[in-house]
Each structure stands twice: as structure tokens, then as C-alpha cells.
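S.K.: Sharing a model prediction with you, sequence too.
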Amino acid sequence: MRRFVTCIFVVLLTSALLASCGGAPASVAAPGSAKHGATTQAAPSAKPVTTSRASANAARGQVADPAFLTIPAIDVDATVVGVGLLPDGEMETPAYDSNQAGWYVEGARPGEPGPAVIVAHVDSRTGRDVFYRLRELQPGDRITVTDLADARHTFTVERLERADRDALPYGRIWNRDKHPVLRLITCAGSYDRSNGGYQQNLIVYAS
């Protein structure tokens, strides 16, 4: 199984997952990373795979890279882009106000065995962002990830958890589940500019 990693946050990866929300970073990292941290507002350099790669994956019976994220209960209909790690061990994140969520490319693809992680911003300097309403999800709500081969992978929300940004529950997020599971992560809690931004992470567990 490949490495997994995460103000924004969704397991067994290798480095920082979350990104900054509202202009100030909240830090989170996965097991094995040298640093738990957040990125800047820059758009991720990692790009989604091409459709030719998606077709090759489909031909081999493999799950293709994710392309779209849909969560009807909270009106999310976003593009998914691949994000990796920056040289300092922090995770890349989508650009603010881009209607994009970031899938950690070193982890499982949504629909593959093991935890897949998707992160997005909760807000920005201009207002709400993709995961602004993530806290409203309830057990039983559906999350659908459509991949580049146009296959749909639907997950059911099991529970939500808040954790201090410096105390990410790695054992629960990056577990060794052999079934396809999904983690959505974003910023939460109080916002303290003098202390680096949001003070918590919100994690959604879905299977």
C-alpha cells in the first residue's frame, strides 16, 4: 500500500495535509513527516493525470484519479486536483476561491482499498470556500467522487471529529483499513491570527 499523508483537511500517508484558511495557516501532518504544517495560498503544482492515463488504469481494472467531488447535503460540487508535498514537508493545497478540492496523490485513490484523503479550504479573505459547510454533515450523508474514467465512487458519512491542529488523530485517520474509505479535512475552531490561524481541524470519516 502506498504512502498516505494532510487548513484544510480527508489513512496512512506521509506528510502535512492541511492548508491555510482565511489567509492564515493551520498545520497538520501525517505520520512520518518531518514537519506538521500548512501551505501558502499558491495553487498546487501537482496536476490531475491525463485522460489517457485514466483509460489505461480502467483497462487494467484500476481506479482512475479523482476528478470531481459532490456532496449534495452541503451543496458541494467541486473539481478535484492532485496535491503533493512541498520541499519543507508541507502539503500543497488548492488555490483559494477556485472551487477545487485537493486529493493527496501519495495516498489511495477514492475507491481503492485504504484511506483516501481530500482537503479543501473552509474560507478565504473573500468569504466561504469549498468546505465551509463541512461541519453540517450528518451520519448517512453521501459523498460521491467521480474519477477521470467517469466512474462514481460513493461513500457514506460515518462521523465527524474535531481535533487540535497539533494533535491530529493519525491512528484513526491513517488507519490500515483494507476497504475503500475517505477522509475529508478542513480548518475548524477559533481563528487566532497571532497563533497561526484556525486552531482545530475537522475530519469527516466516510466509508
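M.R.: Cool, got the structure. Numbers count the residues shown, from 1 in each chain.
S.K.: Please count neighbours and contacts with C-alpha atoms only from this point.
M.R.: OK.
S.K.: in the sheet, who's paired with Val157?
M.R.: Ala206 (DSSP bridges).
S.K.: what sits against it?
M.R.: Counting by Cα atoms under 8 Å, 6 or more residues apart in numbering, Val157 makes contact with Leu137, Gln138, Pro139, Gly140, Asp141, Arg142, Ile143, Val204, Tyr205, Ala206, Ser207.
S.K.: try it again with 10 Å
M.R.: Going by Cα atoms under 10 Å, 6 or more residues apart in numbering, Val157 touches 137-143, 181-184, 204-207.
S.K.: Next: Ala101.
M.R.: Residues near Ala101 by Cα under 10 Å, 6+ apart: 8-9, 67-69, 77-83, 93-95, 118-121, 129-131, 184.
S.K.: Please pull out the lowest mean pLDDT helix or strand from this structure.
M.R.: Among the helices and strands of the chain, strand 24-25 carries the lowest confidence by mean pLDDT, DSSP states H and E, at a mean of 30.
S.K.: Apart from its neighbours in sequence, what residue is nearest Ser207?
M.R.: Once flanking residues are discounted, Ser207 sits nearest to Val181: 4.4 Å by Cα to Cα, 6 or more residues apart in numbering.
S.K.: Give me the subset of the contacts of Ala101 lying in strands.
M.R.: 67-69, 77-83, 118-119, 184 (DSSP state E).
S.K.: picking that back up, who wins for most neighbours among the contacts of Val157?
M.R.: Counting neighbours by other Cα atoms under 10 Å, Leu182 leads the contacts of Val157 with 29 neighbours.
S.K.: my read is the residue nearest to Ser207 is in a helix, agree?
M.R.: No. Using DSSP: H, G, I helix; E, B strand; the rest coil, the secondary structure at Val181 is strand, not a helix.
S.K.: isn't it right up against Val145?
M.R.: No. Under the criterion of Cα atoms under 10 Å, Val181 makes no contact with Val145, lying 11.6 Å away.
S.K.: what do the two both touch?
M.R.: Between them, Val181 and Val145 share the neighbouring residues Arg109, Pro110, Gly111, Thr154, Phe155, with contact defined by Cα under 10 Å, 6+ apart.
S.K.: Measure how buried the residue nearest to Arg133 when sequence neighbours are not counted is and give me the count.
M.R.: Here the nearest residue to Arg133 in space, its sequence neighbours aside, is Ile74; by Cα to Cα, 6+ apart that works out to 5.9 Å. Around Ile74 there are 16 other residues, counting by other Cα under 10 Å.
S.K.: Check Asp192 too.
M.R.: Other residues near Asp192 come to 12 when the count uses other Cα under 10 Å.
S.K.: repeat for Val145
M.R.: 26.
S.K.: next one: Glu161
M.R.: Number of residues near Glu161 (other Cα under 10 Å) recorded here: 12.
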